[in-house]
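Novice: Pasted the sequence and its predicted model underneath.
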Amino acid sequence: MITSPKALRLHLAVTGRTNSGKSSFVNYITGQEVSITSPVPGTTTDVVEKAAEFLPLGPVVFLDTAGSGDTSELGGDRMKKSRRVLDRADLMFLVTETETWGTLEEELAREAQNRSIPLIIIINKTDITPPSSVFIDRLKKFSKHIIPCSTLDEKSRGQTISSVKNSLIEMAPPDYLSPPPLAEDLVKPGGHAVLIVPIDIQAPKGRLILPQVQTIRALLDTGAAGSVVKEDGYSDLLNNLNGTPDLVICDSQVVDQMIEQTPPQIPATTFSILFARYKGDLSLAARGAARIDLLEEGDKILISEACSHHPMEDDIGRVKIPRWIEEYTGKKFVWDVCSGRDYPEDIQSYQLIIHCGGCMLNRREMLSRIEKAREAQVPLTNYGLAISKAHRVIERVLSPFSDALDAYQNCLRETTGGRKSGRLFQDTY
Ligand SMILES: Nc1nc2c(ncn2[C@@H]2O[C@H](COP(=O)(O)OP(=O)(O)OP(=O)(O)O)[C@@H](O)[C@H]2O)c(=O)[nH]1
Ligand SMILES: [Mg+2]
């Protein structure tokens, strides 16, 4: 993602009074000493760009500006340059110290408002003076996103980064959150994909489920063809095809059977894995799946299902996934299920979250769930990956996605030697 074209990065302007800690804030959040900081006001004399990758959100670039309120000779010019930065800002951080909020900050906040640039206020240097509730209340009329921070406090860094990310997920423009391709990059115009769709008791009457419909639509939009077949007709279909398909996509529940019948040179994956990428972050989910090998007897696992359907006999989330994971690991776990909108607030007691494809969630909500898991330090994977892992075919179904496959294999390498700390997350990230 570091190679993402600049235009696709979310541009984050960092403004505020000189010496408020703008450059320190950028360094603190990105973890890299790029912007020069110093106690001399007016240190940053030009706009310093710092590209970073904000998982699960995507690529961003911080635009660290020269401080406002600079009384040195060149200050006026610098201020103009800094203001010009707002022409390309998708979002603005206004860095202030406690109780130093004045005309200058109000002007900057108003400028953001006039230009419809979403604003996040960072109250920095809380180690010197923690903000009073009166002060915070005063700022609320400018933004509901107010984040206190001290860039000297290494212990709180993770928490501050999470708060920043949560605000970004909430405020980023919708086109930035527009999803990566579903299958359009895997099947080119004129290409052909085979879709394996079991019609069992869980299949709704008279229709197909959303991931299947959306995948067919994506193929049509690309100008590719799709053949849809039940699992028991797959082998015959393959034999009768002229040539080989560009991709085979199956329902996760028949993934073992699909892989058995698919020659190794044909790229193959599952609907759920396509959705892990489309709605969230496939590499992160792949790393989460690698952590299944580190689970220990009695660990708590959360199954999270975005839609609330009536649980059926042999339900995928409630029965099949727990059974397959326990068979694969040879261990027993404590399983909880949440469904619909009620993603639990308190997820810290879990060692792993297995999320559905999220076809009923928008990307913003899925990303925010992923971020919550990261904040609580719980690895997260998805149905398709967990099932493929349990059936020992995960590398095969990840092979169309080289980044995610690398992420999985690297993570797996780190797992050899077993769990090192009490919590799985520590070993994961
Ligand atoms: N105590 C304390 N000092 C801080 C904090 N953040 C930054 N500083 C210090 O404040 C001074 C200014 O920090 P910079 O990051 O250079 O501030 P800036 O806003 O980029 O300044 P200009 O580029 O000159 O406008 C430096 O001496 C920092 O070490 C903090 O959270 N707490
Ligand atoms: Mg600076």
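Specialist: Okay, I see it. Ligands and ions are numbered 1, 2, ... in the order given.
Novice: domains of this protein?
Specialist: 6-171, 192-272, 281-428 (automatic domain parsing).
Novice: Out of the ones you listed, which is closest to ligand 2?
Specialist: Nearest of the domains of the chain to ligand 2, taken as C-beta to the ion: domain 6-171 at 3.0 Å. Glycine gets a C-beta too; all of them are placed from N, C-alpha and C.
Novice: In the stretch 151-300 of the chain, what residue spans correspond to helices?
Specialist: 157-171, 210-222, 234-240, 255-261, 271-279, 282-290 (DSSP state H, counting those that start in this stretch).
Novice: TSV please, covering the domains of the chain and showing mean pLDDT, mean neighbour count and distance to Pro181.
Specialist: What follows is the domains of the chain, written out as TSV (pLDDT from 0 to 100; neighbours: other C-beta atoms under 10 Å; distance: least, C-beta to C-beta, whole Å):
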stretch	mean pLDDT	mean neighbour count	distance to Pro181
domain 6-171	85	18	14
domain 192-272	94	17	8
domain 281-428	88	19	11
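Novice: what's the distance between Gln351 and ligand 1?
Specialist: Going from Gln351 to ligand 1 by C-beta to the nearest ligand atom, to the nearest Å gives 34 Å.
Novice: Please apply the same query to Glu106.
Specialist: For Glu106, the distance to ligand 1 equals 18 Å [C-beta to the nearest ligand atom].
Novice: how about that residue, what does it touch?
Specialist: By C-beta atoms under 8 Å, 6 or more residues apart in numbering, Glu106 lies in contact with Phe142.
Novice: quick one, phi/psi of it?
Specialist: With angles defined as degrees, to the nearest 10, Glu106 sits at phi -60, psi -40.
Novice: Kindly report the same for Val95.
Specialist: phi -90, psi 130.
Novice: Identify the residues contacting it.
Specialist: By C-beta under 8 Å, 6+ apart, the contact set of Val95 is 14-17, 20-22, 25, 122, 124.
Novice: What's opposite it in the beta bridge?
Specialist: Taking DSSP bridges as the rule, Val95 bridges to Gly16, Ile122.
Novice: how far away is it from ligand 1?
Specialist: Distance, Val95 to ligand 1, by C-beta to the nearest ligand atom: 6 Å.
Novice: Over to Leu177?
Specialist: Taking C-beta to the nearest ligand atom, one finds Leu177 at 29 Å from ligand 1.
Novice: residues touching that residue, list them.
Specialist: Residues near Leu177 by C-beta under 8 Å, 6+ apart: 169, 363-364, 367.
Novice: same thing with Leu302?
Specialist: Counting by C-beta under 8 Å, 6+ apart, Leu302 makes contact with 336-338, 344, 347, 350, 352-354, 378.
Novice: can you tell me which two in those residues are farthest apart?
Specialist: The two members of the contacts of Leu302 with the most space between them (C-beta to C-beta) are Val337 and Val378, at 15.5 Å.
Novice: Leu186 touches Pro245, doesn't it?
Specialist: No - applying C-beta atoms under 8 Å as the test, Leu186 and Pro245 come out as separate, 10.8 Å apart.
Novice: can you list residues touching both of the two?
Specialist: Both Leu186 and Pro245 are contacted by Ala193, under the criterion C-beta under 8 Å, 6+ apart.
Novice: Out of the domains of the chain, flag the one nearest Ser178.
Specialist: Set against Ser178 and scored by C-beta to C-beta, these come closest in domain 281-428, at 7.6 Å.
Novice: Point to the residue nearest the middle of this protein.
Specialist: A centroid search over the chain (C-alpha atoms, centre = their mean) returns Pro56, at 2.2 Å, as the residue closest to the centre.
Novice: pretty sure that residue is touching Leu284, no?
Specialist: Yes - with contacts counted by C-beta under 8 Å, Pro56 reaches Leu284, the gap being 6.1 Å.
Novice: Please identify the residue of the stretch 51-200 of the chain positioned nearest to ligand 1.
Specialist: Gly67 (2.4 Å; C-beta to the nearest ligand atom).
Novice: Show the end-to-end separation of stretch 282-297, please.
Specialist: Start-to-end span of stretch 282-297 (C-alpha to C-alpha, to the nearest Å) is 27 Å.
Novice: Packing partners of the host helix or strand of Ile321?
Specialist: Assessed by DSSP states H and E, Ile321 sits inside helix 321-329. Contact analysis of helix 321-329 by 3 or more C-beta pairs under 8 Å, 6 or more residues apart in numbering; DSSP states H and E lists strand 300-305, helix 383-390 as its packing neighbours.
Novice: Show me the contact partners of that helix.
Specialist: Helix 321-329 is contacted by residues 292-293, 295, 301, 303, 332-333, 335, 354, 383, 386-387, 389-392 when judged by C-beta under 8 Å, 6+ apart.
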